Structures are given as structure tokens and as C-alpha cells.
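structure for the following, please:
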Amino acid sequence: MRTTAAAPCTSGRWQHAIEENLARLGTFGAVSVDGRQSPADCAAIRGFQQRFGIEPAAGRADATTADVARRITASSAPEKVRRCDAGPGVTACVDLTLQTAWVMRDGAVVAGPTVVRTGFAGHATPAGVFRINKRAEKEWSDSYEVWLPYWQRFVGGIGFHETTTYLHDAARGSHGCVNLLHRDAVTMWDQLQMGARVHAFGRRPGT
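Model prediction:
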């Protein structure tokens, strides 16, 4: 019985840059940092795309994947983690510049970093230190007439919630909230509780 081999992933302009960042992360399988697509590179890139909701998750070294890999790698660096100044207890860290977030408990990263989308120009997510002051697994937004899954408010009408649109659409932004992929919204919900500290720092480019 003949079996048809899976089509190989196509390479792309950002092959080498993605390989470098995936090699630094070291959690998506072995990659060869040589700028040439291989079956192992293809599997690692596809796994990375699936993890961070990049479509299509076909293993191609595209611009979106390169950008997300750069941001996740930068947010994983010790100096970036320290910038959150988490201290004891639980802190949700939001890097507005890199558009990433992670959770720390007693000074150690326990979730993330992952990608987020914050407020666009005119609705910028504020930097500062806040506390979770309302939680609901499903919150209705009267202003925008949409359900907000895994809602965790931390300042004004702004909070964490699962995105209702494609997170990597660069033309979009939130009205101040921190948008998350489904799996990350669930993780954030599980890790945080009422009163948990939120530290947002930096500034989203263009806001």
C-alpha cells in the first residue's frame, strides 16, 4: 500500500531569523540555524505557529511568525522578566512595547510569555500597577455588544479577556483591554484571582 508523504514546508525570507529565535527558546524541537528549511525546522515552526495562533500554521517562515518569535524571545530574557518587578505573590506582567504577557509567582515565571494585543491609538492601555477587581468567565460588554470570555478587569473598564478576532491582524487593536488567545485566557484565569497584581509597562508602538 502506497502512502503519500506530507508536503514539505516552504521556506521564506525570515527563515534564518526564526531559526535563531526558536533555537534560543529551545522548546519547539531542534532547528538548524542555517537559513535552509528542513523537516525538523518545518515541524518546529509549525508547532510554534500552532502554539501562538498564527494562521496558516503551515510551517512557512513568514513575517508574522518572525515577529512573534522575536517578541517571545525578547520577553523571555532575564532582564525583561526583571523589569516587571514582580516581588512576592502573583503578578501578571504586560509588556506594552513588545505586546506580550506572562505571570510570575514569588519571582518566578509560571506562565508565558505569550502574545497579547492591547489598545490602539486613542484607546491605549495604560501603564502602571493595578489589581484585579472583577472576574467573570463570560462578561457582556454593553459598549461594544460582544461577550468577553475569561474577563478579568484591572482598571476602569479595562481587563484581560479572550480575543474575539484574529489576534495577529496588525490593523486591529483593542479599546484598552489586553486581548489573549483562548488557551492563554484560560491560563490567566487559572493563575490569577481577585486582588492579583497587574504590572503593565512600556508603550504600544503607534499609541
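
surely Ala136 is within a strand?
Yes - the assignment for Ala136 is a strand, going by DSSP: H, G, I helix; E, B strand; the rest coil.

counting neighbours, what do you get for it?
By other Cβ atoms under 10 Å, 15 other residues sit near Ala136. All C-beta spots, glycine's among them, are computed from the backbone N, C-alpha and C.

thought it was touching Trp151?
Yes - using Cβ atoms under 8 Å, Ala136 is in contact with Trp151, at 4.8 Å.

helix/strand/coil for the closest residue to Gln15 other than its chain neighbours?
Leaving aside its sequence neighbours, Gln15 sits nearest to Ala61 (Cβ to Cβ, 6 or more residues apart in numbering; 4.0 Å). In three-state terms, and counting by three-state DSSP, Ala61 is coil.

from now on call the first residue 322
Yes, from this point I'll number from 322; that puts the last item at Ala382.

show me the contacts for Ala382.
332-336, 339, 358, 366 (Cβ atoms under 8 Å, 6 or more residues apart in numbering).

at 10 Å instead, please
Residues in contact with Ala382 (Cβ atoms under 10 Å, 6 or more residues apart in numbering) are 330-340, 356, 358, 362-363, 366, 390.

what does Phe349 give?
Neighbours of Phe349 in contact, by Cβ under 10 Å, 6+ apart: 342-343, 364-372, 390.

with secondary structure and distance to Gln512 added, can I get those residues in TSV?
TSV is the format used below for the contacts of Phe349 (DSSP: H, G, I helix; E, B strand; the rest coil; distance: Cβ to Cβ, whole Å):
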residue	secondary structure	distance to Gln512
Asn342	helix	25
Leu343	helix	25
Ala364	helix	29
Ala365	helix	27
Ile366	helix	28
Arg367	helix	27
Gly368	helix	23
Phe369	helix	22
Gln370	helix	24
Gln371	helix	22
Arg372	helix	17
Ala390	helix	24
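
now the closest residue to Phe349 other than its chain neighbours: how far from Thr394?
Spatial nearest neighbour of Phe349, excluding adjacent residues (Cβ to Cβ, 6+ apart): Ala365 at 4.4 Å. Here Ala365 is placed at a distance of 14 Å from Thr394 (Cβ to Cβ, to the nearest Å).

could you do Ala521 as well?
On the measure of Cβ to Cβ, Ala521 and Thr394 end up 21 Å apart.

more neighbours: these two, which one.
Between Ala521 and Thr394, Ala521 has the larger neighbour count (other Cβ under 10 Å), namely 23 against 18.

bridging residues for the most centrally placed residue in the chain?
By Cα atoms, centre = their mean, the chain has its centre lying nearest to Val436, at 1.2 Å. Val436 has these beta-bridge partners by DSSP bridges: Thr421.

surely it and Ala395 touch.
No - checked against Cβ atoms under 10 Å, the pair Val436 and Ala395 is beyond contact range at 11.9 Å.

overlap of the contact sets of the two?
Shared contacts of Val436 and Ala395, counting by Cβ under 10 Å, 6+ apart, come down to 419, 421.
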